[in-house]
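Starting from these lines, generate the structure:
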Amino acid sequence: MSRNATESETADGAIVQAAAGDPRTAAIWSALGQYIGFALQFVTSVIISRFFLTPAEVGLFSIALAAAMMITILQDFGMTRYLAGHAALTREETRRCASLSLLLSLAIAGIIVLLAWPIAQFYKEPRLTAILAMIAVSLLLSPWSSLPAALLTRDLDFRGLFLVNAGSGLANSASALIFAANGFSDESLAMAMIVQALARAGIAQWLRPFAIPLRPRLAGSRAALRFGGGSTVLAISGALGVRTPDLIVGRILGMHVVGLYSRGWSLAASLHMLVVGSIGAVFYPAFARLRDEGRPLGPQYERVVAGYGAVVWPAMALLAALATPVVLLLYGPVWQEAGRLLVWMALAEICFITVPLHMDLPILLGRMRQLIRYNLADTAASIGTLIVGASIGLEAAAISRLAYGLIWIAIYARFMHGLLGFRWSYLAGVYARSAVVALATAAPTLAIYRWWRTPETLGWDGFLIAVAAGLAAWALALLATRHPGLDDLLGMVRHAFGQMFGRRAARTA
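Numbering: from 1, shown residues only. Down below sits the predicted model:
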């Protein structure tokens, strides 16, 4: 049971949450968890890349992780979304989901072990066998953490999720650094995954004890299986688009190049998650409440797009402008080529946020079949553009991500409009203001390059000046354009300070 929420069970076995969390407070805890997780992952990657591992070694682990993740997407079987969005969850239903999760974990870990040697032979890298086997071991513990985490999400108990994610992230970072410093090379990252899985399961069970039945209980699982089947098709399609880049680039261009590509992409994706991943985690249960209350979703979706446009667009524009200095200052000259790739990848991330929640809301509203069709088209576009780009060269592979992003917008924009009924005229205004704010945020950095220092010679002092000037320009541009997302941003800040000072006043009293 979570330590700050209580629940009861009705006569028909339905679980009733007695003290669900406030969405704004949940968003704050979720943001805090994302920031700490990002900081841990970021610092760890910088230290390991700068002092312990070469691009080829990082590339080798990236190949192993991508290959494993192509299989592990089957593991969740949609159970997290199923439990978080279930309108009348019962204890028996949670037990059935736990049984499915356990069986899938065992099956997937076995499949990865069986495929480890053939994958190593395909890439002509014998070390892949041991790395994949260790990743498989870490997956066996997943049910003991994923099910409690799903229930915490359902309760909007993001304080509990913060403890789960921060604690397991700290375990991963500390163990990865220790293993790498002791000469375990690329295997140190796989070994750290085992430590993280142990820590995550332990913390999740402490916060939300949940017994995983060792004897499967699958009777009455038709609804969960139907939902899980559709979710798995989506997961497979999505994984092909997300995980194949490392596999394709590694096969066509080699391990050194895939290390550079992976580092550039991870920087862009990490900043994306840092800025909006925390808030995005709150939206699924929050929109589920709106759906259950019969309220229109279009106006709330417009607010989401505005909030993302006010934050993600300028953040990615600033990252694109500072791409080369970021890579040089953090990872050193050996990684310099990744800077050119990061420019295109950061710009591509802007595309992927123009139509947010493109997976969550169709699933929540029962439009799984339509979503699968669109997602298959999305995956084909991702793989096709990348193969063409990688066949030309490394930078062309990075540019292909921006081309794919533009196609992605065309695929999902009309679908989401038909689903939610938002106003195109309103979103056009949001996009225009967001573009102005993004350009204003990047402008000081570009001016520094023009009249002071080049990207290669910017240094830490120039970098800090560029970031500070960019943040000031961002704030002024939000005010000057009267960006629609500004009110919600200020509301979040006021709520955060209200929570902090309210608790301090209560303790004083």
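
Next one, pLDDT for Arg433 please.
Note for Arg433: predicted pLDDT of 95.

Spatially nearest residue to it (excluding sequence neighbours)?
Thr481 (4.4 Å; C-beta to C-beta, 6 or more residues apart in numbering). No exception for glycine: its C-beta is placed from N, CA and C like everyone else's.

same check, this time on Val137
Using C-beta to C-beta, 6+ apart and skipping the chain neighbours, the partner closest in space to Val137 is Ile194 (5.6 Å).

Could you break the chain into its assigned domains?
Using automatic domain parsing, the domain parsing of the chain gives 13-217, 221-509.

okay if I get the ones you listed as a markdown table plus mean neighbour count?
Formatted as a markdown table, the domains of the chain follow (neighbours: other C-beta atoms under 10 Å):
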| stretch | mean neighbour count |
| --- | --- |
| domain 13-217 | 20 |
| domain 221-509 | 18 |
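
where among those domains is the average confidence lowest?
Among these, domain 13-217 scores lowest, with a mean of 71.

If you count contacts, what does the helix or strand harbouring Ile350 end up packed against?
Assigned by DSSP states H and E, Ile350 falls within helix 337-351. If you count contacts as 3 or more C-beta pairs under 8 Å, 6 or more residues apart in numbering; DSSP states H and E, helix 337-351 packs onto helix 255-272, helix 298-321, helix 323-331, helix 394-420.

Can you convert these into JSON lines and add a column each for distance to Ala136?
Putting the helices and strands packed on helix 337-351 into JSON lines (distance: least, C-beta to C-beta, whole Å) gives the following:
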{"stretch": "helix 255-272", "distance to Ala136": "21"}
{"stretch": "helix 298-321", "distance to Ala136": "34"}
{"stretch": "helix 323-331", "distance to Ala136": "29"}
{"stretch": "helix 394-420", "distance to Ala136": "29"}
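
closest to Arg95 out of the ones you listed?
Nearest to Arg95, of all the helices and strands packed on helix 337-351, is helix 394-420, at 32.7 Å by C-beta to C-beta.

and the angle for whatever helix or strand comes next after the closest one with helix 298-321?
Toward the C-terminal end, the helix or strand that comes next after helix 394-420 (DSSP H and E) is helix 424-451. With axes from the mean of the first three to the mean of the last three C-alpha atoms, to 10 degrees applied, the angle from helix 424-451 to helix 298-321 works out at 10 degrees.

Give me the contacts around the helix or strand just after helix 424-451.
Per DSSP H and E, the first helix or strand lying C-terminal to helix 424-451 is helix 459-481. Helix 459-481 is contacted by residues 310, 314, 318, 321-322, 325-326, 329, 433, 436-437, 440-445, 448, 452-453, 458, 483, 485-486, 489 when judged by C-beta atoms under 8 Å, 6 or more residues apart in numbering.

thinking again about what came up before, find the helix or strand that the residue nearest to Val137 is a member of.
helix 187-207.

Keeping just the C-alphas, turn that helix into PDB.
C-alpha atoms of helix 187-207 as PDB (Å, rounded to 0.1, in the frame of the first residue of the first chain):
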ATOM      1  CA  GLU A 187      29.500  -5.200 -19.800                       C
ATOM      2  CA  SER A 188      29.400  -2.600 -16.900                       C
ATOM      3  CA  LEU A 189      26.200  -1.100 -18.300                       C
ATOM      4  CA  ALA A 190      24.500  -4.400 -18.600                       C
ATOM      5  CA  MET A 191      25.500  -5.400 -15.000                       C
ATOM      6  CA  ALA A 192      24.200  -2.100 -13.800                       C
ATOM      7  CA  MET A 193      20.800  -2.900 -15.300                       C
ATOM      8  CA  ILE A 194      20.600  -6.000 -13.000                       C
ATOM      9  CA  VAL A 195      21.300  -3.800 -10.000                       C
ATOM     10  CA  GLN A 196      18.700  -1.300 -11.100                       C
ATOM     11  CA  ALA A 197      16.100  -4.000 -11.500                       C
ATOM     12  CA  LEU A 198      16.700  -5.300  -8.000                       C
ATOM     13  CA  ALA A 199      16.500  -1.800  -6.500                       C
ATOM     14  CA  ARG A 200      13.400  -0.900  -8.500                       C
ATOM     15  CA  ALA A 201      11.600  -4.100  -7.400                       C
ATOM     16  CA  GLY A 202      12.600  -3.700  -3.800                       C
ATOM     17  CA  ILE A 203      11.400   0.000  -3.500                       C
ATOM     18  CA  ALA A 204       8.200  -0.600  -5.500                       C
ATOM     19  CA  GLN A 205       7.300  -3.600  -3.200                       C
ATOM     20  CA  TRP A 206       8.100  -1.600  -0.100                       C
ATOM     21  CA  LEU A 207       5.800   1.300  -1.200                       C
END
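
I am finished for the moment; much appreciated.
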